[in-house]
Structure formats: C-alpha cells, structure tokens
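Enquirer: Quick check, what structure comes out for this input:
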Amino acid sequence: MRRLICRAREELRDRWHRFEALWRRSMQLRVVVSTLALSLAVIFVLGMVLQWQITSQLVAAKENAAIAQAEYSQPILERELTAVDPNSDNVSEQLQAALNRLTTTSSGQSTTETVAGAFEPVLVDGHAPGDRRQQPAAGPIDDVPPDLRQFVERGQLATKITTVETDNGPVTMLAVGTPVSSATRPLQAYLLFPLTAEQRTLVVVQQTLLLGGAVLLVMVGAITNLVTRQVVRPVRQAAQIAEELAEGDLDKRMRVIGEDDVARLAESFNEMADSLKQQITQLEEFGQLQRRFTSDVSHELRTPLTTVRMAADVLHASREEFPPGLSRSTELLVDELDRFELLLADLLEISRLDAGVADLAAEQLDLTEIVDRAVESLRAIADTSGVELRVIAPTTADSELTIVADARRVERIMRNLVANAIDHAEGGPVEIRFGSNEQAVAITVRDYGVGLRAGEAELVFTRFWRADPSRNRRTGGTGLGLSISQEDARLHGGALDAWGEPGEGSCFRVTLPRRPGEAFDGSPLPLPGTRRIAAPEALLAAGFDPPQDGETGEVEIRDQGPARLSEKTWEGN
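Expert: A predicted model of the protein is given here:
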C-alpha cells in the first residue's frame, strides 16, 4: 500500500513538474489560462447578479399579484361573514363556508385578476379570547407563520415567505395576511401561494446561466487561443530561425506577410540576420586571413630561426673563449632562442587547431606514467621556485587509469597545468590528484597561491590572457599553454575546467573519456568548493527540483558559504 502511495505521489509530482515546465515555456498557455480565469470570475459575478435580479423580479411580481388577490378577496369575505353568529358553536363551520364561497368566486375571476395563481385560504376568528391556538379557524392555520399573524392582528396587511411541510415534502409559499372587518367581530384572512412555478423558473434560469456561461467560457478560450496563436506563432518562428542561425545556417529568414507590427518585426529580424551574416562572413574572412598569416609567418620564421640557432650553438660552444660579458650574452641568446622556438611551436599548434587539421595519435597508455614524465620535466623549475610537487597516488578504487589517448597531447596538457601552478603557487605546494570511473578519468592540479578573482575562471583559457601581467613567469610561458591544453582536451572529447578563489589558490581539472569521443556523464573528481549529492532522492531531500527531461548524472552544488546553497549545475548530457 505504501509503495502504491509513493508511486502515485511520484506520478503526481512528475506531472506537476511537467506542467510547471510547460507553463514556463509556453506564453500562449499562460495567456489562455489567465484569460479563462478572469473570464470565469466575470461570468460568475455576472451570473450571480442576473440570478439575483431575476429572483427579485419574480418574487416582487408574485407578491404584487398576491396582494392584489388579497385585496380582491377582502370584500367578498366581508359580505360572506356578515351572517356569522358570534354566539354559535359552529363558528369554524361558518368560516369554512365563507372560504368555500371565496374559492368559488375566485375561480370565476378574469385572467388579470387570477395572475397570482392557485392559493390556499385561511380564516381566523381574531376576537375569540384565550390561547391563539384555541381560536376558531378554517383552513391550514398551522401553515401561517406566527410573526405574520402578529402584524395582521395589529390591523396591517403583511407578506412573508415560508416553508410548509406537506405529504410531498417541503413547499415554499408566499403567505399574505390581511384583516377582515365584519358586522359581528374582527377576522383575519391569510392566502398561501405556492412558489413552485417560480422555483422551476429559477431552476431553468440557473441551468441556462450555467450552460451559457460554459459555452461563453469555451468560446472565450477558443478565441483567446486563436488570437494568441496569431501573435505567438511569429515569435516562435523567430526563435526557431534564431536557433538555426546560431547553429550556422545564416540563410534562414522570416516570412513577411502584410504591413502590420508582426510584418515589421519580421522585416527588422531579417535585416538583423543580413547584418549578422555580413559581419560573420567578414569575421570569418578576417579569421582565415589571421590564421593564414600566423601559419605563414610561423613557417617562414622557421628557416631564419634555424640559421640563427646554428650560429648561436656555435657561439655557445665557444663561450669559454669569450670575455665574461660576451659569454653571458651568448647564454642569453640561446635562452631567448629556446623561448622563441617554443612560441613558434605554440603558434603552429594553434593554427592547426583553428584550421581543424589537428589529429590524434591515439594509443593505449597509463595516465600515471604520463603525469610522472610531465612532473619530472618541471621538477628543477619547481625546486628553484621553492614549490613542492605532490603527486598523490590513486587509491585502489581509482587504480584503473589506462585510457586510449594521444600521449603527446596529454603530456602537454599536464606540463602546461603544472607549469602554470608553479608560476602562481607563491612558494606553496602543488597537488596532483587522480580519479576515474567506468566512463572517464580525471586529474586535478591544485595550488594554494594567489587564486582567481570572480569571472577569471573563464578567462584563463583566453589566448595571451594573464591575471596579472606584471608577474614574473618562471617557466617562460607564451600565454598560449592553457588555451592549447583546452583544445587538446576537447580534441579527445573531454573538458578542462578551472576554479579559484582569491587567497585560496586555484585548481584545474582535466577530464578525458576512456576512448576519444566517447560520452561521459560527469567528471570523477569534483572541483574544490563543491560537494555532490545523488539525484533524485537526495536532491529532492535537499530542496532542489528533480532533473528535467534529458538531464542525467549527478548534481554538483557549489557552496558559497557555510550551510548556504546558491548555485546548482547538472553534469552530464
């Protein structure tokens, strides 16, 4: 039973989240529902007002007709009651005879005079002493309301709506009471008019109002949907075309129909698309020229650089024969040539990546060996800078670090990340950690130096960008290392992420699939300042919405302070 309840609750929650998603995405749905809600409120108020007015008119007409009938019956009763003997013991029978005469006379009235309909007359001897229930009467005296009799006993004509219990159930009646003067004693006459016809009329009116309101509501919804669609359809078309433009189809345009506001929107959109196409084409041409220039210059510089390198090597080999100043200049010349060659190599690599001609020499390799080679190549620079390099061996659970990848590119990624960490470690340690799962492997390089300010985590991969241009670089970098590393990771189908806080250091995480191009749900290692909870049960318990359609994997929640969750990002597809 509990399982059925939980399943029903999950189904209800799933449908509610789907409706919420549809409500957020569909402007047409929001407009139609809002219009229907407002229309329903207006129809309800209008129906109540109409029902009240119709009820008031029916009751007023019935009351006027009943009073007219009472005024018509009063002289008839006065004539019939002149022969009533006050000392007789059969006063009730005489009153009943007078009522029979009244009924017979009323049945012969014209249509105008009998508009009040059928009624039940009651006569009461108001002069008889003692309890009111002991007074002689004719007709259903128990159906007359006591408060109505009080008004009539004071000589007033009064009306009252009351409910009378009959054999067929309760019946609503309009009671009219009037005093009747006779030669012998004062009497009271009451006429009871059933309101059955009026109630049937009200039922018909209510049904008509409900049916009319429902039809009107459906028509309003249909009209609103039709009108809203005419407005929303061009907007959806514009959004779809904008997505196609963003995907690279620059020839898509909106249809221009008519001369209204939507047509002007389409014209403006098409003009914007034409302008964007022209500018993108110009940028592509400029980018191609820039890449070609970079590639040509890099290749053209290779020949003179080789000649200069040969001459520098000759001078460097004979530096001991030179004076001290010339010998030092020879050493500086060789160092700068090494740096220049590194810059040319990076520029050539960037040009190949931009041209899309970079390829992978994929092979089976052990990630720990690649990392060890990269670390050892930078060990001397780290020792000179006073930076301790800590390679934290993988645990038993993460020991499977064999992947298919390009060893040269993976080693270059690690060399660039470790070199960057040494430059910014400020004498602190640099930690390299490993992680893996069935789909991917990950490595994090963490330093505890200056860190990154807000927004710089995305800028660190920009070419030639530096957080602090005035800093002295110890590894002789060109400003292209992180950009090339990111492109190398993407070339494998992986990702390179960065995290940093001022004064807390920075951390770079490279995630690579087991095989190039294979999909993976998330990185096996979290970045600092994050924690993971499984989805969806623990995620729902933490107060977050469940994953939407198409979202899988684990959720990563960034902590912006103690016990505060302010950002959430889903990892995976």
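Enquirer: rest of the way, CA atoms for contacts and neighbours
Expert: Will do.
Enquirer: how close does Q282 get to L289?
Expert: Applying CA to CA, to the nearest Å, the value for Q282 to L289 is 10 Å.
Enquirer: Mark out where each domain of the protein begins and ends.
Expert: Domain ranges of the chain: 1-239, 261-351, 380-528, per automatic domain parsing.
Enquirer: right, so of those, which gets closest to A362?
Expert: A362 lies closest to domain 380-528 among the domains of the chain, at 4.4 Å (CA to CA).
Enquirer: can you tell me which strand in the chain is longest?
Expert: strand 169-180 (DSSP state E).
Enquirer: Check which strands are paired with it and give the direction for each one.
Expert: Paired with strand 169-180 in the same sheet, following DSSP bridges, are strand 158-166 (antiparallel), strand 187-194 (antiparallel).
Enquirer: As JSON lines, those with distance to R149 and mean pLDDT would be great.
Expert: As requested, these are exported to JSON lines (distance: least, CA to CA, whole Å; pLDDT from 0 to 100):
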{"stretch": "strand 158-166", "distance to R149": "9", "mean pLDDT": "82"}
{"stretch": "strand 187-194", "distance to R149": "8", "mean pLDDT": "81"}
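Enquirer: okay, the ones you listed, which one's buried deepest?
Expert: Counting by mean count of other CA atoms under 10 Å, strand 187-194 has the highest mean neighbour count of those, with a mean of 24.
Enquirer: Tell me the helix or strand right after it.
Expert: Heading C-terminal from strand 187-194, the first helix or strand you meet, by DSSP states H and E, is helix 196-246.
Enquirer: any idea of the angle that next one forms with strand 169-180?
Expert: 130 degrees (axes from the mean of the first three to the mean of the last three CA atoms, to 10 degrees).
Enquirer: Could you point out the helix or strand that follows helix 196-246?
Expert: Moving toward the C-terminus from helix 196-246, the next helix or strand (DSSP H and E) is helix 261-317.
Enquirer: May I have the longest strand of the chain exported as CSV, CA atoms only?
Expert: C-alpha atoms of strand 169-180 as CSV (Å, rounded to 0.1, in the frame of the first residue of the first chain):
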residue,chain,number,x,y,z
GLY,A,169,-42.1,17.2,1.0
PRO,A,170,-41.3,20.9,1.9
VAL,A,171,-43.0,23.5,-0.2
THR,A,172,-42.0,27.2,-0.3
MET,A,173,-45.0,29.5,-0.1
LEU,A,174,-45.8,33.2,-0.1
ALA,A,175,-48.2,34.0,2.8
VAL,A,176,-50.3,37.2,2.6
GLY,A,177,-52.3,38.2,5.6
THR,A,178,-55.0,41.0,5.9
PRO,A,179,-57.6,41.9,8.5
VAL,A,180,-61.2,41.4,7.5
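Enquirer: Tabulate the domains of the chain (JSON lines), appending distance to L245.
Expert: As requested, the domains of the chain are exported to JSON lines (distance: least, CA to CA, whole Å):
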{"stretch": "domain 1-239", "distance to L245": "10"}
{"stretch": "domain 261-351", "distance to L245": "8"}
{"stretch": "domain 380-528", "distance to L245": "24"}
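Enquirer: For those, state which one has the densest average packing.
Expert: Sort the domains of the chain by mean neighbour count, taking mean count of other CA under 10 Å, and domain 380-528 sits at the top with a mean of 19.
Enquirer: quick one: the helices in this protein?
Expert: Here the chain has its helices, by DSSP state H, at 2-25, 27-80, 91-107, 146-153, 196-246, 261-317, 324-355, 367-377, 379-385, 407-424, 456-459, 481-491, 537-541.
Enquirer: quick one, which of the ones you listed is nearest to G503?
Expert: In terms of CA to CA, the element of the helices of the chain nearest to G503 is helix 407-424, at 11.0 Å.
Enquirer: tell me the angle that closest one makes with helix 481-491.
Expert: 150 degrees.
Enquirer: helices and strands around helix 407-424, which ones?
Expert: In terms of contacts (3 or more CA pairs under 8 Å, 6 or more residues apart in numbering; DSSP states H and E), helix 407-424 is packed against strand 362-366, helix 367-377, strand 430-436, strand 440-447, helix 481-491.
Enquirer: try 10 Å
Expert: Contacts defined by 3 or more CA pairs under 10 Å, 6 or more residues apart in numbering; DSSP states H and E place helix 407-424 against strand 362-366, helix 367-377, helix 379-385, strand 389-391, strand 430-436, strand 440-447, helix 481-491, strand 505-513.
Enquirer: would TSV of these with mean pLDDT and distance to G212 be doable?
Expert: Shown next, in TSV, are the helices and strands packed on helix 407-424 (pLDDT from 0 to 100; distance: least, CA to CA, whole Å):
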stretch	mean pLDDT	distance to G212
strand 362-366	89	74
helix 367-377	90	76
helix 379-385	88	85
strand 389-391	91	79
strand 430-436	91	67
strand 440-447	92	64
helix 481-491	87	64
strand 505-513	93	65
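Enquirer: Make JSON lines out of these and add distance to D14.
Expert: Formatted as JSON lines, the helices and strands packed on helix 407-424 follow (distance: least, CA to CA, whole Å):
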{"stretch": "strand 362-366", "distance to D14": "44"}
{"stretch": "helix 367-377", "distance to D14": "43"}
{"stretch": "helix 379-385", "distance to D14": "55"}
{"stretch": "strand 389-391", "distance to D14": "46"}
{"stretch": "strand 430-436", "distance to D14": "33"}
{"stretch": "strand 440-447", "distance to D14": "31"}
{"stretch": "helix 481-491", "distance to D14": "35"}
{"stretch": "strand 505-513", "distance to D14": "33"}
